[in-house]
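Peer 1: My questions concern the predicted model and sequence given below.
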Amino acid sequence: MKCKKVLAVLLTAAMTMSLAACGGSQETQNEVSTTGGGKETTAAEASVQETDGRADAGDVPTLTLFVDETWWPYDKWEGAVPEEFEKRLGVNIEVTRAADNNQLSLMAASGDMPDIICSGRYQYLADSQVCYPLDELHETYPEVAFEVDPVYQFVNKAADDHYYTIGCGFSPSGAYSEYDKILTEGPGFMYRTDIAEELGLEFKTLDDLDAAFEKVAQSYPDYTVCSFNCAHKFNWLMQQMGVKNGGFYEAEDGSLKWWLRQDKLLDFYKKVNEWYRKGYLSAENFAYQSEDETKEICVGGKVFANFGYDNHADNYNTAIAANGDDFTFSLVTSELSDDCVAYDTGCGGRGLYITRSCKDVEAAYKLLAYAYGEEGMKLLMWGIEGEDYTVDSEGYPDFTYDFQGDNTVLQPRGLKYWGWLVHNAIVTSIAEANSESQTAQDRKNLTAYVKRNPVIGMIRFVTDSDEANINAKLDEMVKNQQTNIFMAETEEACEEAFREMVQQAEQIGMDRLEEFGNQNYPELKKQYDEIIAKAE
C-alpha cells in the first residue's frame, strides 16, 4: 500500500529507548519472519544446509558492523553463538562499538562508514544517499528469500517512501495471539526481603509504600529508605497510576494530547515530592548520572527499596551473592492499582542499515535476511538450540543458562545481547515463559495491563523541523523543571512548580505538536487498521 506523500515523513520506525529499552528503554516488538507466519528457508539458510555452515577460507567475506550504542555489553563478535552465526552465513564479522554519541553523525557527514550500522537514529541513516533501501534490495536480489510483512514495511517507511531497516522490538497484534504466555517487560520496584520480613511489611496497594517507608525510616535511620535508577526514575509508579511518561496519548475523544496534560500527572509528582520532603529519597540521588551509582548503593546494603527496571532485583541479587552477602531484594510482581496501564506505543527501535560504503552488498543483505528471520533471530537471542536451549511442545524455550544472568554467564558464549540487534517482540516476550524467576513472574502479570497503539509511535518529527525543535526544547525543559517539582520544599511549592512547567510547555509550543499529531493520526490509524485487517 502506497502512502500519501503528506504522510511519508511520519512513517519512520519509532526508534527509542533504552531501552531498553529497551530498550528503551522500554526498548518492544518485531516479528519479521515471513508473510503469513510460515517458516521459509532463506538463501542464507539454504547455504547452511548445503555446506554444513562452512565456507572455503578464501571465499569468506568480512563485513564490518558498527553498533551505535556506547553502553552495548559486547565490543567483540566472539563466543560460540556469534561464531555459529558466522559459520551458517559463511562470513566474518568485525564489530566496532560507539565510543561516544557523535561518532555516527561524523560518519554520516564524511561518507566513510562501515558495511552495516545498528542504530536507533534513523534521521542519519534513512536516506538513499547514505544507505540502501531494503525495498530496492529485494528487487536487486530476488533469489534471497527476504519477505517482509506489509505491517513492518508500513511502520518502518521513511520520508522518501522507502524503508531502510526493520526496527527491533515490534510485532503486530496478530503475532501475540499465537501464544498463550506473553511476558511484558517494564519498570520495577524492589525491596529488601529481610527487612520487610523483620518489620512485617507487605505490598498489596500503593498506600503500603507509604506505610513501609515510614516504618523503615524509624527502624533504620542510617539507611536510605528508597533510591531510584537515574534512567528509569519513577516510571513504575507512573505505570501503577496509569500515567504515560512521554509523547502523545489518546484522549477519550480519540484525539492526541501531549503527556503533560494528563489529569493524574500532578498527583504523581506530589507523591514523589512527599517522599522527598519526608526524607525517604536523598537529594544526592537526583544528581546521579549513571545506573551503576544506584546499583552500587543497593548492592552495598544500605538501601531498603529501589525504583528501577523489572530485572534489577534478580541482577542485583546475583551481584550481592558474588560479594558474599546474604541479603536479597524482592520484586513487587503484582500490580498494586486497578489504574495500572503499561502503554506500548512503539513500532520499532534500533535496526540494521546497509550503508552506501558497504563493500559486499549481497553478503550484507543475506546477513540481514537471516538475522531478521526466525532462525537467525532465535540464534542471536537465545543461543544454539540443543546446547543453550530446547523448545517445549508449545514452542517456548527452556534455557540451560540463566537468561537474566550477568555478563559472567552470558559473555563467554556471546549469548542474548547480539539478539538485541534484530529481535521482534515475540522472541523476547516468550523467552522466559517457562521461567520461575521474579522478573518473569512480574512480566507475566503485567501483560494483562498492556495498552498497545503503535500508530502513535509512527508520528515522528522531521529532523530540524519546527516540531522537532519544539520537542527537543520540551524535553530539556521538563528534565530541568521536574527536578524542581520533585524537590520542592512544600506541597504548595510542588503544585506551583508543576503549573509553571505546564505553562512553559505552552509557551514553547506544546499545542503545535498536538496540532501536528491530530492532522495525521486519523489517516495513519485508518491505513494501519486496513493493513492489519488484510493480514487477518
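Peer 2: Happy to help now that I have it. Numbering: from 1, shown residues only.

Peer 1: any idea whether residue 112 is helix, strand or coil?
Peer 2: Secondary structure, DSSP: H, G, I helix; E, B strand; the rest coil: residue 112 is coil.

Peer 1: got it, and residue 395?
Peer 2: coil.

Peer 1: That one contacts residue 430, correct?
Peer 2: Yes: at 7.4 Å, residue 395 counts as touching residue 430 under the criterion of Cβ atoms under 8 Å. From N, CA and C alone the C-beta is placed, and that goes for glycine too.

Peer 1: Which of the two has more residues huddled nearby?
Peer 2: residue 430 (20 against 12; other Cβ atoms under 10 Å).

Peer 1: same for the longest helix along the chain, what does it pack against?
Peer 2: The helix that spans the most residues within the chain, counting by DSSP state H, is helix 510-535. In terms of contacts (3 or more Cβ pairs under 8 Å, 6 or more residues apart in numbering; DSSP states H and E), helix 510-535 is packed against helix 5-8, helix 150-156, helix 173-176, strand 248-250, strand 256-258, helix 454-457, helix 466-486.

Peer 1: can you pull the buried residues of the second one?
Peer 2: Right, the one you point to is helix 150-156. Across helix 150-156, burial judged by 16 or more other Cβ atoms under 10 Å covers 151-156.

Peer 1: any idea which of the residues you listed is closest to residue 119?
Peer 2: Taking Cβ to Cβ as the measure, residue 119 lies nearest residue 156 of the buried residues of helix 150-156, at 13.5 Å.

Peer 1: Can you give me the pLDDT of the closest one?
Peer 2: pLDDT, residue 156: 94.

Peer 1: quick one: it from residue 195, how far?
Peer 2: Going from residue 156 to residue 195 by Cβ to Cβ, to the nearest Å gives 47 Å.

Peer 1: Ok, residue 292 next?
Peer 2: Distance from residue 292 to residue 195, by Cβ to Cβ: 23 Å.

Peer 1: For the two, indicate the residue with more neighbours.
Peer 2: Applying other Cβ under 10 Å to residue 292 and residue 195 shows that residue 195 carries more neighbours, namely 18 against 10.

Peer 1: Wasn't the more buried one part of a helix?
Peer 2: Yes: with three-state DSSP as the criterion, residue 195 is assigned to a helix.

Peer 1: so who does it touch?
Peer 2: Contact analysis of residue 195 by Cβ atoms under 8 Å, 6 or more residues apart in numbering lists 201, 216, 219-220, 304.

Peer 1: related to what we said a few turns ago, the longest helix of the chain to helix 466-486, inter-axis angle?
Peer 2: In terms of direction (axes from the mean of the first three to the mean of the last three Cα atoms, to 10 degrees), helix 510-535 departs from helix 466-486 by 110 degrees.

Peer 1: tell me the mean pLDDT over helix 510-535?
Peer 2: Here the average pLDDT along helix 510-535 is 94.

Peer 1: buried sites along it?
Peer 2: Those buried within helix 510-535 under the rule 16+ other Cβ under 10 Å are 510, 513-514, 516-517, 520-521, 524-525, 527-528, 531-532, 535.

Peer 1: Please enumerate the strands of the stretch 251-400 of the chain.
Peer 2: For the stretch 251-400 of the chain, the strands defined by DSSP state E, counting those that start in this stretch occupy 256-258, 303-309, 329-331, 342-344, 351-354, 389-391, 397-399.

Peer 1: and these as a markdown table, adding distance to residue 110?
Peer 2: Listed next are those as a markdown table, based on distance: least, Cβ to Cβ, whole Å:
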| stretch | distance to residue 110 |
| --- | --- |
| strand 256-258 | 37 |
| strand 303-309 | 36 |
| strand 329-331 | 46 |
| strand 342-344 | 37 |
| strand 351-354 | 16 |
| strand 389-391 | 42 |
| strand 397-399 | 42 |
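
Peer 1: Redo the ones you listed as CSV? Include mean neighbour count and mean pLDDT.
Peer 2: Listed next are the strands of the stretch 251-400 of the chain as CSV, based on neighbours: other Cβ atoms under 10 Å; pLDDT from 0 to 100:
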stretch, mean neighbour count, mean pLDDT
strand 256-258, 21, 98
strand 303-309, 26, 98
strand 329-331, 22, 99
strand 342-344, 22, 96
strand 351-354, 26, 98
strand 389-391, 15, 98
strand 397-399, 18, 97
